[in-house]
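In: Sequence and predicted structure, then a few things I'm wondering about:
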Amino acid sequence: MIAEGMKQLHAFNRTMAVEGVMVSYNYSEDGELANILTVAASGIKFSNRWVLTHGSILSPLKQVNAIQNAKGKPILSDEFYDNLPEIHVTCEKEQSKAPNLYEGVERLSRERSLDNDADDEHSSYQIRVLTGRICHVWQCPILERCVADILYSWTVGYRDGDIEKQTQLGKALLSVFVLVDLESENRGLKTLRPLSELFDMVRPPPGRGSTVEVHSTPFGCEVFLNAVTRGTVCGVVGKRPSLLLTDAATALGSEGGPVFTEGPTGSLWGAVVCSVSWWRGEWVGLTLTAPLVSVLAAKLRVTPPAINRPMPTSPHKEILDRIDKTTVLVRCGAAWGAGLYLGGGYVVTCAHVVKNYGTYKISLYCQGVKETAIVRYKTADDKAYDLALLYTNPQYWNQLIPAEFADEPAEKGESVLAAGYPYFNETNLEDLKPTVTSGHINNASPSMIQTSCCVQSGFSGGPIFRLTKTNSVEVLGIIVSNAKTETGACYPYINMAVPTRAFIHLLHNFMQDKDAGKLRIIENDKEIVQSQWRLMPYRSKI
């Protein structure tokens with residue numbers, strides 16, 4: 001009972017100290033009242049007076065030109081802030097600090113009422129709207145460098161309209177943060193003081209594979225106020241780090257929302273900086289989050305506590321270590337994907353990843369090692385199962401672990417992991433690790449596995465893992481593609497993989513007797529298999 005009471009107390013303290021809110025204002029391009037729009041984002045309310053939100057909320061304002069021209073310097077002009085609109089902060093109903101006798105009597109009365117189909121006093125119907133002003137706008141240099149080094153080819157915050165113009169603006173604002181003062185009559189307080197208070201509240205980000213919780217208000221709609229979504233940390237960008245990728249599902253308007261570690265006593269560690277983006281013609285299904293300890297440390301010019309010690313370890317560290325030592329990056333010219341290490345220098349990947357191997361060399365990267373490889377076998381173009389077997393000198397890969405394969409076939413509904421290399425820094429391959437996303441089996445047949453894992457370009461050839469009861473992983477399939485519409489848009493949460501049971505015994509036999517003729521059996525000539533991998537266009541909208 002005491003432990004449970006302490007958990008509730010910690011949860012109550014976290015709720016009171018830090019709260020997810022919706023931040024909005026009214027905006028009109030032509031000054032006509034009939035054309036007023038509401039612009040909204042999510043935010044973090046703390047210390048009862050302050051709200052931190054993301055720079056994307058400023059996108060329609062003419063003052064955004066001053067932000068772009070500031071080139072990373074904080075904006076201190078009184079004229080800039082005097083002309084900004086009044087800010088509305090929408091919060092959930094404030095909970096009583098102590099049990100109230102009259103609240104209990106009212107609740108009992110409602111329960112005894114004949115008309116009790118809906119509880120009109122439920123917190124989801126009760127909101128508070130506070131007003132404030134923007135008192136400080138600044139750009140985080142760590143995120144700005146990340147945008148320049150890694151996100152340079154991304155389309156950020158795609159909506160209808162001028163995509164190129166929006167992308168430039170989205171990238172300029174991705175690293176911008178906004179501080180709102182809810183006591184707007186007091187303009188004399190230094191803005192570094194509240195940021196220092198928030199810095200004391202936040203914690204270092206969790207390790208890769210950890211479960212996180214996002215609180216946000218999608219689409220700026222009060223109905224979705226402070227909605228909670230959960231996911232895992234799929235990848236880390238930068239040594240500090242600069243960004244964390246999570247497969248927690250968010251939508252436009254979630255920018256600025258707080259991100260916590262898992263559980264009722266979870267700690268605030270991050271904020272959403274990008275919920276919707278496109279890259280290489282594909283929707284990026286991952287949410288980009290910024291670790292506040294790095295953002296605020298850069299602003300306050302202090303050393304963040306995470307720099308001098310490793311990030312907190314994930315409870316799945318052993319599993320991730322095995323995935324890291326099994327999944328390799330495969331590059332061939334401008335194309336790249338993932339590969340699975342089989343042992344003895346052999347790597348299986350997708351045929352389309354190494355399609356141009358006759359023109360370009362094939363390079364493999366993993367665990368700080370880079371070596372070249374040759375193609376021992378490749379499926380014919382546009383034919384199932386789209387696989388290739390590579391060979392490299394095994395003496396350079398002693399640090400890798402041969403993959404273990406599942407004996408039992410995939411089952412619909414079971415939880416799985418996917419690993420690949422969608423995003424990486426060309427100049428920092430030493431710290432390269434695969435991005436790992438979680439999901440479940442949507443459908444399974446002897447010739448195809450479909451999963452809900454978030455999969456982008458760079459996952460092709462990567463493994464689908466089953467989690468075992470012994471806290472390990474075994475491979476169920478090799479990722480080939482995700483779903484694509486006639487217009488070319490790809491959907492990361494609908495993807496297909498080749499079951500390893502359909503080919504792995506053939507690869508293992510070749511590794512023993514080197515009879516390449518047997519590998520041609522992989523090119524399954526059954527029409528039902530080939531039509532399934534063509535997604536049967538006469539029966540599918542994809």
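Out: Done, it's in.
In: Could you report the neighbour count for S216?
Out: 30 (other C-beta atoms under 10 Å). Every C-beta, even on glycine, is put in place using the N, C-alpha and C of the backbone.
In: Help me confirm that it comes into contact with S42.
Out: Yes: in terms of C-beta atoms under 8 Å, S216 counts as a neighbour of S42; the distance is 4.2 Å.
In: hey, what's in contact with both of the two?
Out: Shared contacts of S216 and S42 (C-beta atoms under 8 Å, 6 or more residues apart in numbering): G20, G253, S254, G256, G257, V272.
In: Can you lay out those residues as CSV showing pLDDT, neighbour count and secondary structure?
Out: Shown next, in CSV, are those (pLDDT from 0 to 100; neighbours: other C-beta atoms under 10 Å; DSSP: H, G, I helix; E, B strand; the rest coil):
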residue, pLDDT, neighbour count, secondary structure
G20, 95, 26, strand
G253, 92, 26, coil
S254, 95, 31, coil
G256, 97, 28, coil
G257, 97, 34, coil
V272, 97, 26, strand
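In: closest to Q530 among the residues you listed?
Out: Taking C-beta to C-beta as the measure, S254 is the one of these closest to Q530, at 41.3 Å.
In: which residues touch that closest one?
Out: S42, V214, S216, T217, P218, V272, S275, T287.
In: Which of those residues fall in strands?
Out: S42, V214, S216, V272, T287 (DSSP state E).
In: which among these gets closest to E144?
Out: V272 (17.3 Å).
In: Highest neighbour count among the contacts of S254?
Out: Top of the contacts of S254 by neighbour count (other C-beta under 10 Å): S42, with 32 neighbours.
In: pretty sure it contacts C221?
Out: No: S42 lies out of contact with C221 (C-beta under 8 Å); the separation is 11.3 Å.
In: For the stretch 151-300 of the chain, which segments count as helices?
Out: Under the criterion DSSP state H, counting those that start in this stretch, the stretch 151-300 of the chain contains helices at 163-174, 192-201, 292-300.
In: Sorry, slip of the keys, the one I care about is the stretch 1-150 of the chain.
Out: Using DSSP H, counting those that start in this stretch, helices in the stretch 1-150 of the chain cover 2-17, 64-70, 78-82, 101-112, 141-149.
In: Any chance of the contacts of S254 in TSV with distance to P241 as columns?
Out: TSV is the format used below for these (distance: C-beta to C-beta, whole Å):
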residue	distance to P241
S42	21
V214	17
S216	21
T217	26
P218	25
V272	15
S275	19
T287	15
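In: Widest-spaced pair of those?
Out: Those two in the contacts of S254 that are separated most widely, counting by C-beta to C-beta, are T217 and T287, at 14.4 Å.
In: so where's the stretch 301-450 of the chain shaky on pLDDT?
Out: 305-315 (pLDDT under 70).
In: one step back: can you tell me which of the helices of the stretch 1-150 of the chain has the worst average pLDDT?
Out: For those, the weakest mean pLDDT is recorded on helix 2-17, namely a mean of 45.
In: quick check: domain ranges of this structure?
Out: 9-94+123-300, 316-542 (automatic domain parsing).
In: Tell me the spacing between P492 and A227.
Out: Distance, P492 to A227, using C-beta to C-beta, to the nearest Å: 21 Å.
In: the more surrounded of those two?
Out: Set P492 next to A227 and count neighbours by other C-beta under 10 Å: P492 wins out with 22 against 19.
In: Three-state assignment for that one, please.
Out: strand (DSSP: H, G, I helix; E, B strand; the rest coil).
In: What sits closest to I127 if chain neighbours are left out?
Out: T90 (5.7 Å; C-beta to C-beta, 6 or more residues apart in numbering).
In: Check that neighbour and give its pLDDT.
Out: 94.
In: Likewise for P241?
Out: P241 is given a pLDDT of 74.
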